[in-house]
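**Student:** My questions concern the predicted model and sequence given below.
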Amino acid sequence: GDEVCVYNSISCKSKAVAVGRLKVEVRPCLIIGLEGSDGTTSQVFLQQAETVRLGDEDGKCVRVTELSSEEETSLLLRSTTAGTHIGQAYNGKVLEK
């Protein structure tokens, strides 16, 4: 495959390595509109899968596949400006096609 440069931030050394495989998957996603208790609005972009869950005001898990655009649901969310994946912040991008 193509070569990329890998950098070790601990040893401050880099080396060229070949990329053996790159997998791109198309997955259904949801954009959920939010309104905070103070009236602020925002949105969250989530994969539409049973394994993706949000917490409700009673501390119970709600699968995103169970949410409906027809009814309002109270959820507990942490608001940040960075993207996160499994709770970890990342500097990624979303490519829309």
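**Tutor:** Looks like it arrived, so ask away. Numbering: from 1, shown residues only.
**Student:** After the helix or strand bottoming out on mean pLDDT in the chain, which helix or strand is next?
**Tutor:** Using mean pLDDT, DSSP states H and E, the weakest-scoring helix or strand in the chain turns out to be strand 83-85, at a mean of 73. As assigned by DSSP states H and E, the chain's next helix or strand after strand 83-85 is strand 88-90.
**Student:** Packing partners of that next one?
**Tutor:** Counting contacts by 3 or more CB pairs under 8 Å, 6 or more residues apart in numbering; DSSP states H and E, strand 88-90 packs against strand 83-85. For glycine as for every other residue, the C-beta is placed from the backbone atoms N, C-alpha and C.
**Student:** The strand it packs on: how far from the chain's middle?
**Tutor:** 4 Å (CA atoms, centre = their mean, to the nearest Å).
**Student:** same check, this time on stretch 19-39
**Tutor:** On CA atoms, centre = their mean, the centre of stretch 19-39 falls 5 Å from that of its chain.
**Student:** residues near residue 75, how many?
**Tutor:** Using other CB atoms under 10 Å, the number of residues around residue 75 comes to 14.
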